[in-house]
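# This is the structure alone, sequence omitted:
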């Protein structure tokens with residue numbers, strides 16, 4: 001009886017090129033092409049690699065080779081003179097130079113490519129500068145894709161340092177005048193003369209929590225409720241501590257939520273939450289397990 005052959009057909013594999021050899025081959029071909037450059041299609045045919053692979057390499061890894069520049073759609077060339085490393089002293093001077101050119105350009109602004117040629121830096125470096133450092137410079141405004149201008153009127157500090165110390169009193173007086181209906185942050189921003197709502201929203205989400213009379217009644221709406229807060233005398237704080245410790249002892253290792261513990265102890269959720277946020281750091285026996293969940297710290 002004929003026995004089937006058990007030999008496995010092995011496909012010959014082409015030896016893998018050493019790391020970096022393909023990148024060197026791409027640079028060599030672009031150098032040979034000269035100033036005219038090469039299209040991605042022609043370069044892929046010369047190197048014997050898929051066009052998609054080469055296009056992906058040029059758009060990702062190829063950007064790390066600053067001498068390779070895009071001169072037309074899907075056409076690249078090697079330009080050794082197109083890149084010069086920027087010394088550190090030049091980087092420190094670039095901000096005043098950019099500002100002076102933008103001020104001279106006026107309302108029409110200036111394109112990033114033209115500005116890079118004027119300053120003698122690469123377009124890639126200047127684009128990075130605008131997207132990172134330029135955002136911290138008040139007055140620099142993006143008016144179109146790759147076009148910027150200097151507009152000193154576009155920036156007004158919403159909460160100057162002189163007013164930040166008085167902001168708490170201003171917010172409280174405005175909310176007291178609004179009554180039980182409260183005020184939206186948007187309306188409060190215009191009343192206080194702030195240019196935007198961002199700083200005021202930050203104040204409400206952070207500093208407002210230290211003012212227990214300010215109550216959130218709807219998304220973005222607050223009111224002043226003086227009856228909401230009753231200061232705890234030291235004797236009551238000690239009583240709360242004892243009650244909390246006994247409640248956590250009953251809960252065991254699983255812990256208990258502040259809301260459930262407040263219901264068990266017969267006190268308001270806000271009052272107990274304030275106690276936990278202020279006093280719990282001084283009580284070493286209590287351990288925080290998660291958001292609003294506490295338990296007694298297990299013995300070592």
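Everything's here; your move. Since the model is a prediction, treat every value here as computed from it, not as a measurement.

# right, and residue 68 touches residue 58 too?
Yes. Assessed by C-beta atoms under 8 Å, residue 68 is found in contact with residue 58 at 7.3 Å. No exception for glycine: its C-beta is placed from N, CA and C like everyone else's.

# Next, show the common contact partners of these two.
By C-beta atoms under 8 Å, 6 or more residues apart in numbering, residue 68 and residue 58 have these common neighbours: residue 76.

# Give me the buried stretch members for stretch 141-156, please.
The neighbour-count check on stretch 141-156 (16 or more other C-beta atoms under 10 Å) flags 141, 146, 147, 148, 149, 150 as buried.

# got it, and stretch 252-262?
255, 256, 257, 258, 261, 262.

# got it, and stretch 175-193?
175, 178, 182, 183, 185, 188, 189.

# quick one: which of those residues sit in strands?
Among these, the members found in strands (DSSP state E) are residue 183.

# where does the stretch 1-150 of the chain dip in pLDDT?
Scanning the stretch 1-150 of the chain for pLDDT under 70 picks out 1-20, 81-92.

# how far does stretch 211-220 stretch from start to finish?
16 Å (C-alpha to C-alpha, to the nearest Å).

# Would you mind checking the average pLDDT for it?
Mean pLDDT, stretch 211-220: 82.

# what's it in contact with?
With C-beta under 8 Å, 6+ apart, stretch 211-220 has contacts from 168, 171-172, 175, 182, 184-186, 204, 208, 222-226, 228-229, 270, 274.

# PyMOL command to pick out the buried ones of those?
Those of those that count as buried under 16+ other C-beta under 10 Å are selected in PyMOL with:
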select buried, resi 171+175+182+185+204+208+222+223+224+274
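
# Among the contacts of stretch 211-220, which ones are in strands?
184, 222, 223, 224.

# What is the nearest of these to residue 193?
Checking the ones in strands among the contacts of stretch 211-220 against residue 193 with C-beta to C-beta, the nearest one is residue 184 at 16.0 Å.

# mind listing what that closest one touches?
Applying C-beta under 8 Å, 6+ apart to residue 184 gives the contacts 220, 221.

# Quick check, pLDDT for it.
90.

# follow-up on the earlier one: can I get the buried residues of stretch 252-262 in JSON lines including pLDDT and secondary structure?
Converted to JSON lines, the buried residues of stretch 252-262 look like this (pLDDT from 0 to 100; DSSP: H, G, I helix; E, B strand; the rest coil):
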{"residue": "255", "pLDDT": "88", "secondary structure": "coil"}
{"residue": "256", "pLDDT": "89", "secondary structure": "strand"}
{"residue": "257", "pLDDT": "89", "secondary structure": "strand"}
{"residue": "258", "pLDDT": "87", "secondary structure": "helix"}
{"residue": "261", "pLDDT": "89", "secondary structure": "helix"}
{"residue": "262", "pLDDT": "86", "secondary structure": "helix"}
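
# Closest to residue 244 out of these?
Looking across those and measuring by C-beta to C-beta, the closest to residue 244 is residue 261, at 7.0 Å.

# tell me which element the spatially closest residue to the closest one that is not a sequence neighbour is part of?
Computed as C-beta to C-beta, 6 or more residues apart in numbering, the closest residue to residue 261 that is not its neighbour in sequence is residue 247, at 5.1 Å. Here residue 247 sits within helix 234-251, counting by DSSP states H and E.

# List the buried residues of that helix.
Using 16+ other C-beta under 10 Å as the burial criterion, the residues of helix 234-251 that qualify are 240, 241, 243, 244, 247, 248, 251.

# what about the second one, distance to residue 293?
Here the criterion is C-beta to C-beta, to the nearest Å. By it, residue 241 lies 18 Å from residue 293.

# Of the buried residues of stretch 252-262, just say which sits nearest to residue 136.
residue 258 (39.6 Å).

# isn't that closest one right next to residue 269, touching?
Yes. Applying C-beta under 8 Å as the test, residue 258 and residue 269 come out as touching, 6.7 Å apart.

# what helix or strand does the closest residue to residue 129 other than its chain neighbours sit in?
Sequence neighbours aside, residue 94 is the residue nearest to residue 129 in space, at 6.5 Å (criterion: C-beta to C-beta, 6+ apart). Residue 94 is located in helix 88-105, with elements delineated by DSSP H and E.

# Just the buried positions in that helix, please.
The neighbour-count check on helix 88-105 (16+ other C-beta under 10 Å) flags 94, 98, 101, 102, 105 as buried.
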